[in-house]
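**Q** Compute the structure for the input listed below.
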Amino acid sequence: MFRALVLEDGDGHPVVNIKDLDDSSLPSGSVTVEVSHSTVNYKDGLAVVRGKPVVRAFPMVPGIDFAGTVSASSSDGVEVGQRVVLNGFGVGEGHWGGLATRARVPGEWLVPLPEGLSTAQAMAIGTAGYTAMLCVMALERNGVSPGDGEVLVTGAAGGVGSVAIALLADRGYQVIASTGRSAEAAYLAGLGASSVIDRSELSEPSKRPLGAERWAHAIDAVGSATLANVIASTRYGGVVAACGLAQGGDLPTSVYPFILRGVTLAGVDSVMAPLALRREAWARLSTELDLSKLASMTTTIGLSDVAATAAAILEGQVRGRVVVDVHA
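**A** This is a model prediction of the structure:
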């Protein structure tokens, strides 16, 4: 038997229950993992509060990531007793996810947990932190370096933003943090932000295809008008890594920033990223992320707290990272 948070179809709205289930309920997969911790990410908030279209079939155990220990395996290279982490691959959407004490998945979806990280710390990083590292790596692949100038991070008090600020600041970048929560200025400064601007400067649609050049590069987790304004105010030759759509999935911009300023828009996908990229990201996180900063941005809850936290994260009321101790 195992314990799980289960979403069931409630006539257009998901019904959330915590249940004890038999192993026969688990989906197919070559590896069974005893889950230690999961998280609540923005996509989890959408799944728990709104259900479809994130949840593609009911019943569903949400949770787009987890960390734990392998208890059974028929997959080459994945051994019983091995500590592993999983992000994406449709887990928590079309395949039962991490908000349970046990999970069963294909072995090729798993990454060995690097030495130096506990399973709790791995989920304090979670999909948000892993995505932040992918964004930093995307900037680096495009030749970005600390000497170029300031880097803007939008959605700064959220999970991706918080980890991105910590990673960038520790590499010597000057970071501008954009947030709608002015009360978080001290928190963002503690992570390494050198200045904070209000998200209202970026969130309204602009009729101007180009704005004043304000930052050298950017990491955006917001999308929509915010991303359009970020691009429009990026300096000549700058790079913008885009990974989210908290404001929306549209992009009301023009070609002018790209053809007149040579701005590069680098898309970052965490769900289906290849294994080599995942391993590199997790290896770097285990050695390059300041774990004291990680602890300062992390809150831990139990399964019974997930529904309320999911609603709060959609309202932009959650700071940093939320770890779920699935046994609590």
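**Q** how much space is there between residue 65 and residue 35?
**A** Residue 65 sits 10 Å away from residue 35 when distances are taken as C-beta to C-beta, to the nearest Å. Yep, even glycine has a C-beta here, placed from its N, CA and C like the rest.
**Q** so how many other residues sit close to the nearest residue in space to residue 43 that is not next to it in sequence?
**A** Leaving out its chain neighbours, the residue that sits closest to residue 43 by C-beta to C-beta, 6 or more residues apart in numbering is residue 64, at 5.4 Å. Neighbouring residues of residue 64 were enumerated by other C-beta atoms under 10 Å; the total is 28.
**Q** Can you pull the phi and psi angles for residue 64?
**A** Dihedral pair for residue 64: phi -80, psi 0, per degrees, to the nearest 10.
**Q** contacting residues around it?
**A** Listed by C-beta atoms under 8 Å, 6 or more residues apart in numbering, the contact set of residue 64 reads 41, 43, 44, 87, 88, 91, 92, 93, 97, 98, 127.
**Q** what's the neighbour count on the third one?
**A** Going back to what we said before, that points to residue 44. Should you count by other C-beta under 10 Å, residue 44 turns out to have 30 residues around it.
**Q** List the residues that contact it.
**A** Listed by C-beta under 8 Å, 6+ apart, the contact set of residue 44 reads 62, 63, 64, 92, 99, 306, 310, 313.
**Q** Only alpha carbons, please: show the host helix or strand of it as PDB.
**A** Element membership of residue 44, judged by DSSP states H and E, is helix 42-50. Output in PDB follows, covering the C-alpha atoms of helix 42-50 (Å, rounded to 0.1, in the frame of the first residue of the first chain):
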ATOM      1  CA  TYR A  42       3.200  26.500 -11.000                       C
ATOM      2  CA  LYS A  43       2.100  23.700 -13.300                       C
ATOM      3  CA  ASP A  44       1.100  21.600 -10.200                       C
ATOM      4  CA  GLY A  45      -1.000  24.600  -9.100                       C
ATOM      5  CA  LEU A  46      -2.800  24.600 -12.500                       C
ATOM      6  CA  ALA A  47      -3.300  20.800 -12.200                       C
ATOM      7  CA  VAL A  48      -4.700  20.800  -8.700                       C
ATOM      8  CA  VAL A  49      -6.900  23.900  -9.000                       C
ATOM      9  CA  ARG A  50      -8.100  23.700 -12.600                       C
END
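**Q** Average pLDDT for that helix, rounded please.
**A** With pLDDT averaged residue by residue, helix 42-50 scores 96.
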